[in-house]
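>>> Give me coordinates for this.
(2 chains)
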Amino acid sequence: MTNVIEARGIEKVFHNGDEETRVLKGIDLTLGQGELAAMVGASGSGKSTLLSIIGLLLRPTAGTLSISGERVDDLSERMRARFRNQRLGFVFQFHHLLPDFTAMENVAFPAAAPGGGISRAMRTRARDLLARVGLEDRIDFPAARLSGGQKQRVAIARALMNRPDLIIADEPTGNLDRESADRVLDLMREVNREEGATFLICTHDDGVAARCGRRLTLSDGRLTSNVRDPGGFS
Amino acid sequence: MFAFKVARRYLLSNPSQTLLLIAGVALGVTVFIFITALIAGLAVRLTDQVTGNSAHVSLQPATRVARVLAGPDLPVESVALVSTFQRQQIRDWPMVIDLLRANPEVSAISPQISGSAFLVRSEAVAPVAVLGVEPQGIDAISRITPNIIEGDGDLGANGLLIGVRMAEELGLGAGQSVLLRTERGVERQLTVRGVFRTGLQSLDERVAFLSLQTARPLFDLPEGVTNIEVKLKDPQDARATARFLGEATGLRATPWQEKNVGLEDALKAQGQTGTMIQIFSLISIIIGVASALVLSAYRRRSEVGIMRAFGVPGGFILWVFLLQGLLIGLVGALIGCASGYGLCIWLESITRPDGTSILPIAPRQGGYAAALVLTTLGAVIASILPARSASKIDPLEAIQQ
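Reported below is the predicted structural model:
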């Protein structure tokens, strides 16, 4: 299996005046193509920092990071932005949709903004993705008028728009009720299974972690546990 | 262009704020146009008042100056003296007139013999500036015959036209005779053919018109004229035309501006005041647009952050905010131009009983193109700062907020 993530000795130190905080203390991590992995840990364990580094939103203080075989830790800001756009997808706890745009426009946005507009092909892909997440009747709905669960499903469709190598999800169900959370997780599992998309999900929710194919546990900046098929679902 | 679509959508998402912003820009542009039209109208009215009854360019003989004489038989100190007795004149004036007629800028020409004299009627004596003119060209420079209130404008052989104030001072009326005594003591009995009222004190009180033929013996000028007065189609061209005519004729050509330095200074000061008001209008527009877009960029931090997280280039976000500034500036400027023009037309329509506007406003000189370009440019400049700050938003910080 091809490795999508290959992290070696990732460290992150934050400076606040003279004060130095070591958040990540040498993380080694690999994630294969088509895996659905959950990253768990107590608050302050460093999981969000690691997720940001893997999502190329933050630079590591030390260590190397490759995504789909390409070294990315030393890329320029412009190249990191391009890499994020073309190779990564994001789903956040707060959906962060553009409220003045329709569901379809939100989904197409990552492809349309660098390309100069929504092409016919982009429109078709966005419609297909919205149908895929069960929102075919909400394609031209303004994002602001969708429910919380619907918005998160639009966010998942948006993350899939550019056919990314890796989808990074930070507490994707953290802001949803149980039923909506289950539907969102089911959707991610379905996309993972049927389209082979690779997911790295950061969560506090043991129930979510139990339904992923792999469970990574962070504690005090270190990867303390790496269990495959924790709930026997994959 | 997708950035344009996003910018337009952002503006339309909060219509009341956008409308207020555009209204503010439009108001600033209206003030800009009103001030520009008022200053232009005031300049035109003042210039008209000054140039309406006087020449735009005066041609006179070149000033005679004493010059050092050089030659092997002459001592070094020899100079040619200037005769102050001999009256300066333009001898070949018909040739000059032909040259002036060929100039497309020239609208009227009046060869004149001018000099100082006294009008004497029994014990009453009044100083007078005598203007000997061609009888058919009496109105070439000043509107005299349409303003005759007594008698007529026919100068005839010994006729004289005087202003109403002088007529009152000497107790004269049309048909009465009066003695004219020149500065050189030449005297002649003349008949008042008409009395005029121009409303200009300098003309009504101190100027007397007679024909060139009558003036010649009085001022000892059997052939030449003392000056040629010229009116131009556009008084503002007087400097350039005077320079050209001076070089072409070898005469001393004086534009009206040099005779009215005070007016020119006043017009300049007025223009500078107008420019200051225009600059402040533009600054207020720029501040208004900039503050609104700074707020907008702040309010949309998380949206911009998610765009940045998805790798949308900073240049795209820069364009979104620059285009918002452009749209606000352009729409506001267009509305402001229309309302400014409407305001100027309305103000121009408020007239005095004699038909002249109360406000000397020139609606067609409102500087519309300048207002449109400067406002749009100003609004774009105003959006640079918020656009740059938005394009540099750290996606992680914005998302975590």
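
>>> which of the residues in the host helix or strand of residue B:263 are buried?
Following DSSP states H and E, the helix or strand that holds residue B:263 is helix B:261-299. For helix B:261-299, a neighbour-count test (16 or more other Cβ atoms under 10 Å in any protein chain shown) marks B:263, B:267, B:274, B:277-278, B:281-282, B:284-286, B:288-290, B:292-294, B:296-297 as buried. All C-beta atoms are positioned from the backbone trio N, CA, C, and that covers glycine.

>>> Then stretch B:140-156?
For stretch B:140-156, the neighbour count (16+ other Cβ under 10 Å) marks B:140-142, B:144, B:147-148, B:150-151, B:153, B:155 as buried.

>>> Then stretch B:377-391?
Here stretch B:377-391 shows B:377-383, B:386-387, B:389-391 as buried, counting by 16+ other Cβ under 10 Å.

>>> Report the distance from the helix holding residue B:263 to the chain centre.
Computed by Cα atoms, centre = their mean, to the nearest Å, the chain-centroid distance of helix B:261-299 equals 23 Å.

>>> rewinding a little: pipe the buried residues of stretch B:377-391 into a markdown table and attach secondary structure per row.
Formatted as a markdown table, the buried residues of stretch B:377-391 follow (DSSP: H, G, I helix; E, B strand; the rest coil):
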| residue | secondary structure |
| --- | --- |
| B:377 | helix |
| B:378 | helix |
| B:379 | helix |
| B:380 | helix |
| B:381 | helix |
| B:382 | helix |
| B:383 | helix |
| B:386 | helix |
| B:387 | helix |
| B:389 | helix |
| B:390 | helix |
| B:391 | helix |
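
>>> just curious, which of these is nearest to chain A?
residue B:391 (11.2 Å; Cβ to the nearest Cβ).

>>> Who are the contact partners of the closest one?
Taking Cβ atoms under 8 Å, 6 or more residues apart in numbering or on different chains, we find residue B:391 in contact with B:314-315, B:317-318, B:321.

>>> The buried residues of stretch B:140-156 in strands, which ones?
If you go by DSSP state E, these have B:148, B:150-151 in strands.

>>> Please identify which of these is nearest to chain A.
For those, the closest approach to chain A (Cβ to the nearest Cβ) belongs to residue B:148, at 74.9 Å.

>>> Do you know the pLDDT at that closest one?
Here, the pLDDT recorded for residue B:148 equals 92.

>>> tell me which parts of chain A are close to chain B?
For chain A, the contact set with chain B under Cβ under 8 Å from any Cβ of the partner chain comprises A:52, A:55, A:57-58, A:78, A:80-86, A:88, A:90, A:92, A:94, A:96-101, A:109-110, A:112-118, A:158.

>>> can you rerun that using 6 Å?
Residues of chain A found near chain B (Cβ under 6 Å from any Cβ of the partner chain) are A:52, A:57-58, A:81, A:84-85, A:90, A:92, A:96, A:98, A:100, A:110, A:112-114, A:116-117.

>>> can you pull the contacts of the residue in chain A positioned nearest to chain B?
Closest to chain B within chain A is residue A:85: 2.7 Å, counting by Cβ to the nearest Cβ. For residue A:85, the contacting residues are B:310-311, by Cβ atoms under 6 Å, 6 or more residues apart in numbering or on different chains.
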